[in-house]
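*Asks:* Here's my sequence, what's the structure:
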Amino acid sequence: MRIGKLEIPQGAVFAPMAGFTDAACRHLMADHGAAYTVSEMASAKAITYGDQKSVALLRDPDPHGIYAVQLFGSEPDTLAEAIRIIRGKGLAFDIIDINMGCPAPKITGGGAGSKLMLDPSLCGRMVRAAVDAAGEIPVTVKMRAGWDADHITAVEVAKQCQANGAALVTVHGRTREQMYIPPIDPGVIRAVKQAVSIPVVGNGDINTAADALTLMRATGCDAVMVGRGALGNPWLFGEIRAALAGKPAPPPVTLRQRMEALRAQIYDMCERKGEWTAMPQARSQAIHYMRGLRGAAALRRACSTLSRFEDVDRLIEAVYRAQD
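*Replies:* I've put the predicted structure just below:
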């Protein structure tokens, strides 16, 4: 699969998720086979106002693999200015992604995220402004099926995005009204794939390699994007890559491998952010590593008490005791 001049390895993309996809998490997923990773979304308007926290969400001095930064906004000129600003700061990234899918009220209330799905023409203008400001950097779009059942606009939006220079679109198969339930509608993703010639990535409900194969076969999409299904399970990317290549599944992950990955991720977070900032954020990351373990409920409660890095080793010891 190609995005502009970039050759993307076969596999699954790691989705942007607020509060989760920091550099430590992205690096872990990239090292385990993610085709590319995407930053947390940052406000284009905030960047133009000089907000350094928004820039920091995108900054990665040592990106692992192909790395996309994601911006949100509702004004083409502001988006273009934000792109020129981050390019001028010398941030390292390979792709610029425009968020047209976030359902959070604080984002849609300002006309951004999935609210853009109500105005395909504006979506096209957003892409054109971004492409003009991005230069040689490819611009991609992450969208939803539409706003609600009466406004399923993904096909029209995708056509506008392609016509204005987008190199790829990712489609989450739910409307904004549906948020994250019920199951996605593969038909919407299939319709977008049939309507445009640029690559299409399918997103939603990917928790196993079998899920990825099923979605690709049902829609004809070029790749899949994985979000929460990979939290606590970075090995999912290697499993999907093997499945797509028709190779045997990798050996099952051992408990020791899982705990080593947990410890390494939190250590990286502490190194980058400092223990005081990293540990509260590490609690939610750690919880995902408890999935499927014996005594998981008690272990999740233990995760919520992490306050210093040394607590991670005590948590891991508790995990081993609970599995005996």
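
*Asks:* Would you mind listing the buried residues in the longest helix anywhere in the chain?
*Replies:* In the chain, with assignment by DSSP state H, the single longest helix is helix 255-273. For helix 255-273, a neighbour-count test (16 or more other Cβ atoms under 10 Å) marks R258, M259, A261, L262, R263, Q265, I266, D268, M269, C270, R272, K273 as buried. All C-beta spots, glycine's among them, are computed from the backbone N, C-alpha and C.

*Asks:* correct me, but M225 touches G202?
*Replies:* Yes: with contacts counted by Cβ atoms under 8 Å, M225 reaches G202, the gap being 7.2 Å.

*Asks:* Among these two, which residue is more densely surrounded?
*Replies:* More crowded of M225 and G202, by other Cβ atoms under 10 Å: G202, with 29 against 25.

*Asks:* Give me the three-state assignment for the nearest residue to that one once chain neighbours are set aside.
*Replies:* Computed as Cβ to Cβ, 6 or more residues apart in numbering, the closest residue to G202 that is not its neighbour in sequence is C221, at 3.9 Å. Put simply, C221 is coil when judged by DSSP: H, G, I helix; E, B strand; the rest coil.

*Asks:* List of residues touching the longest helix of the chain?
*Replies:* By Cβ atoms under 8 Å, 6 or more residues apart in numbering, the residues outside helix 255-273 that reach it are 22-25, 27-28, 232, 234-235, 278-279, 281-282, 285-286, 289, 293, 309, 312-313, 316, 319-320, 323.

*Asks:* Show me what secondary structure element comes after it.
*Replies:* Sequence order places helix 275-289 as the next helix or strand after helix 255-273, per DSSP states H and E.

*Asks:* residues in contact with that next one?
*Replies:* Applying Cβ under 8 Å, 6+ apart, the contact partners of helix 275-289 are 19-20, 22, 25, 228, 231-233, 258-259, 261-262, 265-266, 269-270, 272-273, 300, 303-309, 311-312, 315.

*Asks:* Run through the neighbouring helices and strands of the host helix or strand of L57.
*Replies:* Per DSSP H and E, L57 falls inside helix 52-58. Other helices and strands packing on helix 52-58, by 3 or more Cβ pairs under 8 Å, 6 or more residues apart in numbering; DSSP states H and E, are strand 37-43, helix 44-48, helix 76-88.

*Asks:* Buried ones in that helix, by neighbour count?
*Replies:* Neighbour counts using 16+ other Cβ under 10 Å place S54, V55, L57, L58 of helix 52-58 among the buried residues.

*Asks:* out of the residues you listed, which one sits closest to G101?
*Replies:* Distances from G101 to these, taken as Cβ to Cβ, are shortest for L57 (17.2 Å).

*Asks:* which residues of the stretch 101-250 of the chain fall in helices?
*Replies:* In the stretch 101-250 of the chain, the helices defined using DSSP state H, counting those that start in this stretch lie at 105-108, 120-134, 154-163, 186-195, 209-219, 236-244.

*Asks:* buried stuff in the fourth one?
*Replies:* Judged by neighbour count using 16+ other Cβ under 10 Å, the buried positions of helix 186-195 are P186, V188, I189, R190, A191, V192, K193.

*Asks:* That one to helix 154-163, inter-axis angle?
*Replies:* Interaxial angle, helix 186-195 versus helix 154-163 (axes from the mean of the first three to the mean of the last three Cα atoms, to 10 degrees): 30 degrees.

*Asks:* Just tell me which of the helices of the stretch 101-250 of the chain ends up closest to P251.
*Replies:* The nearest among those, by Cβ to Cβ, is helix 236-244 at 10.3 Å.

*Asks:* could I get that closest one in CSV with only the CA atoms?
*Replies:* Output in CSV follows, covering the C-alpha atoms of helix 236-244 (Å, rounded to 0.1, in the frame of the first residue of the first chain):
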residue,chain,number,x,y,z
LEU,A,236,-1.8,-8.4,17.7
PHE,A,237,0.1,-6.5,15.0
GLY,A,238,2.4,-9.4,14.4
GLU,A,239,-0.5,-11.8,14.4
ILE,A,240,-2.4,-9.7,11.8
ARG,A,241,0.7,-9.3,9.6
ALA,A,242,1.2,-13.1,9.6
ALA,A,243,-2.4,-13.8,8.8
LEU,A,244,-2.3,-11.3,5.9
